[in-house]
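>>> here is a sequence together with a model predicted from it:
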Amino acid sequence: MTADREKRRAVSREAARRRRRVESEVFGDLSRLLPLHPSVQTHLDKPSVIRLTLSYIRIHTLLKGNVSSEARHTVKYTPMVANAGGLQHLATSEKDEGQEGEEEEEEKEEEMYLRTLESFLMVVSADGAMIFLSDNVSNYMGLTQAELMGQNVYDYTHPCDHEEIKNSLRLSADEGSWGAKREFIMRMRSAATHRGRSVNIKSAMWKVLHCQGRIKVCYSPSASSCLLLNCQPLPLSHTLLSTHTFTSQHSMDMRFTRCDQRVTLLLGYSPDELLGRSIYDLCHTLDTNCLSKSHINLCLKSQSVSGQYRMLVRGGGYVWVESHSAVIPSVRRPKSNTGAQQPLCILCVTYVLSGVEKPSLQLSLDQVLHQAEIC
């Protein structure tokens, strides 16, 4: 009986080894099919292979759903290529050397676009799964494309922003398949430090992202709706400051405490005239909601982008502007360790996007008084 028992155990161990070997071979073949760099493929564990495979299947289904039924009969689909440019699929039955050269040129062009935009691309499904990210996400977040794809966006974003993300993923009845624009600010975990190094995800800090995109609705039974986003980390680089830009400092209620001289050239107000006044006094009445939403985001998340709104010119009319703002914390530490660090001021960089429109129209008391002085 003992010999039979040992024999059965040996057979069972051998069968288990065979199953593990076959399983490893299957996962190895599956990882080699993923459109990733070989150095990334060799370091994937089994859960990561499953997660990435499901993500690429969902993206492939999404892209396939956008092609007409006639094209489906004549075009052979090949696996998607996840490169620095983001999202593309190859819809060719055969590739020659000329086509490969064109693809290389397209990749270089897409890399240039992303460097210019200073952002990364993200595709989020209706249930919050990040089914695609461009591989330059590591430059901003310190986390690789392979680490994030297939993960749930709610696991990597601030809990206070979850409701806003859910609302952005929701589609109302009056929005069309490509007419649903989305713009919001969210905080996402970042393993990248200011010195360009990476830290453990448990020690990751929150990075503020300005997200813009559209909802894509798929009516095919095999595809689902998703949100295509362009994610730009804040604060944005201000290397393009010019005569069409002015900087200002504000208290937390957005009253001017300081402003540079370029505001006189752009809006007609002198810096001294603006001190103590609220930025809402200079905002077009129809755009106060846009500005107040940016103000709320600024107070809650410490950084914000206003979007385009109209700012009044002293002589009459208005100009279109966009303000990038950040809360500057106080240098002094709170007396108690548990106390929060108090903000020092709000710093705004305002970009003037247009010339003066409707200069003969007076929309505020300042404009009326200025016009009376001229007359």
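Now that the structure is in, tell me what you want to look at. Numbers count the residues shown, from 1 in each chain.
>>> residues in contact with the residue most central in space within the chain?
Centroid-nearest residue in the chain: Cys231, 1.5 Å away (criterion: C-alpha atoms, centre = their mean). By C-beta atoms under 8 Å, 6 or more residues apart in numbering, the contact set of Cys231 is Ser119, Phe120, Leu121, Met122, Tyr140, Met188, Leu209, His210, Cys211. Where you see a C-beta, it was placed from the backbone N, CA and C, and this is true even at glycine.
>>> now, those residues that are in helices?
Judged by DSSP state H, the contacts of Cys231 include Tyr140 as members of helices.
>>> among the contacts of Cys231, which are located in strands?
Here DSSP state E is the test, and the contacts of Cys231 give Phe120, Leu121, Met122, Met188, Leu209, His210, Cys211 as lying in strands.
>>> for Gln212, list each beta-bridge partner.
Assessed by DSSP bridges, Gln212 has beta-bridge partners Glu183, Asn230.
>>> under the pLDDT cut-off, which ranges of the stretch 101-250 of the chain? List them.
The model of the stretch 101-250 of the chain has pLDDT under 70 over residues 101-104, 106-108, 110-111, 114-116, 172-179, 193-203, 218-224, 236-242.
>>> would you agree Gly268 is in contact with Val313?
Yes - if you go by C-beta atoms under 8 Å, Gly268 and Val313 touch, sitting 5.5 Å apart.
>>> the stretch 51-200 of the chain: helices as residue ranges?
With helices called from DSSP state H, counting those that start in this stretch, the stretch 51-200 of the chain shows them at 69-74, 97-117, 137-141, 145-148, 162-169.
>>> return the list of helices and strands in contact with the helix ranked longest in the chain.
Across the chain, the longest stretch assigned as helix under DSSP H is helix 2-33. Under the contact criterion of 3 or more C-beta pairs under 8 Å, 6 or more residues apart in numbering; DSSP states H and E, helix 2-33 touches helix 46-64.
>>> on that earlier part again, as a whole number, average confidence for the longest helix of the chain?
Mean per-residue pLDDT for helix 2-33: 82.
>>> please identify the buried residues of it?
Going by neighbour count (16 or more other C-beta atoms under 10 Å), the buried part of helix 2-33 is Phe27, Leu30, Ser31.
>>> gap between it and the chain center?
Relative to the mean C-alpha coordinate of its chain, helix 2-33 is positioned 45 Å out (C-alpha atoms, centre = their mean, to the nearest Å).
>>> between it and helix 46-64, how many degrees?
Interaxial angle of helix 2-33 relative to helix 46-64 (axes from the mean of the first three to the mean of the last three C-alpha atoms, to 10 degrees): 40 degrees.
>>> helix or strand right after helix 2-33?
helix 38-41 (DSSP states H and E).
>>> what residues does that next one touch?
With contact meaning C-beta under 8 Å, 6+ apart, helix 38-41 is reached by Ser31, Arg32, Leu34, Thr144, Ala146.
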